[in-house]
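Peer 1: Structure of the sequence below:
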Amino acid sequence: MATINDIAAKLGISKSTVSKGLNNANDVSAETRKKILETAVELGYINKRLQKKEKKLCILIENMDYNTPNQFGHDIVLGFKQMAEPEGWTVDIIPINIDFQKMTPYDVFMMQGGYCASFILGMSLLDPWMQELNVSGVPTVLYDNYVKNNPNIASVGCDSQEGFELAVKHLLKLGHKKIGLISGPLDSYILKARYHAYINALSKYGLEINEDYIGLGYYVAESTRKYIPKLIGEGITAILFSHDVRAISAITECKDRGIRIPEDLSIIGFDDLPMASYVTPSLTTVRQDRTALGKCGFYALSCLLNQVTIGSILLRAPLIVRGSTGPVLAGKSIPESTTP
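Peer 2: Predicted coordinates for the structure are as follows:
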């Protein structure tokens, strides 16, 4: 393990200056402090005194509402804090974006803040810090993301495979044989996971796998407007969605086109957001227990901090059956308004 002496020798400065820089002293310039922190990370130095003194964790959040009660990010944060704070941890909630990540390397940011570990929500595979996490020495837990071959990184999430298998099994019982998927672009780990879960579920139950039954698009409203008529034109009678927001958008689109849910088309979402039970018809969806996900995030961090290297923790994925799924109607006809 690197020492203050090693950092001082590499930079050609005194040990006292290094110590002041590592401990946020006011009489060290920002430029010098930056060099000290970057060199400390490069050499693998761990400021255990600062970590022990402050006992701090952080939750880093990108593209997720964490301030509004009952929203996805809020409930995950709540679950995490319910576990962490009784054990004496201070938890800082820090919103991030790509520009923020470009300003400071991840390990430097963590050392600069005196954080022992972090729980990260909402990052995509394209984020700069995702690349740095491949070699980071900081205990880190990712929600709906995964980093291979780094014992310092763990993942928590919901079992997409189980969820989609339950969804397809439910639709099969209702007589559906052609089942489509509408999802965001595959630039995130979880969207890739749900895409493959869809493919595997169809394969398990002997259903046709066809690229024409899949719609991928970034913008929610634009995607549903484009792919609902396209998939129905392919003979699709049920569609799985990567997230509830997309499924609810599809219900609105179908109403505008005179497509009856579930008589003409069955729809299944993923997440069980609070709004899912209030739309008309109410949304059949795969449930994620958001508070439990936060608690699992802290549990996984505790394992890493105690040198227990874990890969992934996946919660069970129950299917919540509501009004947006129903049996296939023999001889049904779709209104002409489905044409683009």
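Peer 1: Could you pull out the helices in the stretch 51-200 of the chain for me?
Peer 2: Counting by DSSP state H, counting those that start in this stretch, the stretch 51-200 of the chain has helices at residues 72-84, 98-103, 106-113, 128-132, 160-173, 189-204.
Peer 1: want to try JSON lines for those, with distance to residue 121 and mean neighbour count as columns?
Peer 2: Glycine gets a C-beta too; all of them are placed from N, C-alpha and C. JSON lines is the format used below for these (distance: least, Cβ to Cβ, whole Å; neighbours: other Cβ atoms under 10 Å):
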{"stretch": "helix 72-84", "distance to residue 121": "6", "mean neighbour count": "21"}
{"stretch": "helix 98-103", "distance to residue 121": "14", "mean neighbour count": "13"}
{"stretch": "helix 106-113", "distance to residue 121": "15", "mean neighbour count": "22"}
{"stretch": "helix 128-132", "distance to residue 121": "13", "mean neighbour count": "18"}
{"stretch": "helix 160-173", "distance to residue 121": "17", "mean neighbour count": "21"}
{"stretch": "helix 189-204", "distance to residue 121": "11", "mean neighbour count": "19"}
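Peer 1: Contacts only, for residue 242.
Peer 2: 181-184, 191, 194-195, 270 (Cβ atoms under 8 Å, 6 or more residues apart in numbering).
Peer 1: do residue 284 as well
Peer 2: Residues in contact with residue 284 (Cβ under 8 Å, 6+ apart) are 167, 170, 266-269, 319-325.
Peer 1: From the structure, what's the count of residues near the closest residue in space to residue 241 that isn't next to it in sequence?
Peer 2: Leaving aside its chain neighbours, residue 241 sits nearest to residue 247 (3.9 Å; criterion: Cβ to Cβ, 6 or more residues apart in numbering). Other residues near residue 247 come to 27 when the count uses other Cβ atoms under 10 Å.
Peer 1: What of the one 3 residues further on?
Peer 2: Burial measure for residue 250: 28 neighbouring residues, criterion other Cβ under 10 Å.
Peer 1: Give me the distance between it and residue 180.
Peer 2: 11 Å (Cβ to Cβ, to the nearest Å).
Peer 1: Distance of the residue nearest the centre of the chain relative to residue 315?
Peer 2: Nearest to the geometric centre of the chain sits residue 144, at 3.4 Å (Cα atoms, centre = their mean). Look at residue 144 and residue 315: by Cβ to Cβ, they are 11 Å apart.
Peer 1: joint contacts of those two?
Peer 2: residue 157.
Peer 1: on that earlier part again, now tabulate the contacts of residue 242 in a markdown table and tack on pLDDT and distance to residue 238.
Peer 2: Formatted as a markdown table, the contacts of residue 242 follow (pLDDT from 0 to 100; distance: Cβ to Cβ, whole Å):
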| residue | pLDDT | distance to residue 238 |
| --- | --- | --- |
| 181 | 98 | 10 |
| 182 | 98 | 11 |
| 183 | 97 | 15 |
| 184 | 93 | 19 |
| 191 | 94 | 20 |
| 194 | 96 | 16 |
| 195 | 97 | 17 |
| 270 | 97 | 14 |
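Peer 1: could those be laid out in JSON lines, adding distance to residue 293?
Peer 2: What follows is the contacts of residue 242, written out as JSON lines (distance: Cβ to Cβ, whole Å):
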{"residue": "181", "distance to residue 293": "23"}
{"residue": "182", "distance to residue 293": "24"}
{"residue": "183", "distance to residue 293": "20"}
{"residue": "184", "distance to residue 293": "20"}
{"residue": "191", "distance to residue 293": "17"}
{"residue": "194", "distance to residue 293": "16"}
{"residue": "195", "distance to residue 293": "21"}
{"residue": "270", "distance to residue 293": "14"}
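Peer 1: in the helix or strand encompassing residue 249, what counts as buried?
Peer 2: Take DSSP states H and E as the rule and residue 249 turns out to sit in helix 244-257. Buried residues in helix 244-257, defined by neighbour count with 16 or more other Cβ atoms under 10 Å: 244-251, 253-254, 257.
Peer 1: quick one: average confidence on it?
Peer 2: Over the span of helix 244-257, the pLDDT mean works out to 96.
Peer 1: got the angle between that helix and helix 72-84?
Peer 2: Per axes from the mean of the first three to the mean of the last three Cα atoms, to 10 degrees, the angle that helix 244-257 makes with helix 72-84 is 160 degrees.
Peer 1: For helix 244-257, C-alpha coordinates in CSV please.
Peer 2: Only the C-alpha atoms of helix 244-257 are listed here, as CSV (Å, rounded to 0.1, in the frame of the first residue of the first chain):
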residue,chain,number,x,y,z
ASP,A,244,-43.6,1.4,-17.4
VAL,A,245,-43.2,4.9,-18.9
ARG,A,246,-43.1,3.4,-22.4
ALA,A,247,-46.0,1.1,-21.7
ILE,A,248,-48.1,3.9,-20.4
SER,A,249,-47.2,6.0,-23.4
ALA,A,250,-48.3,3.1,-25.6
ILE,A,251,-51.7,3.0,-23.8
THR,A,252,-52.2,6.6,-24.7
GLU,A,253,-51.1,6.1,-28.3
CYS,A,254,-53.5,3.2,-28.7
LYS,A,255,-56.4,5.3,-27.4
ASP,A,256,-55.6,7.9,-29.9
ARG,A,257,-55.7,5.3,-32.7
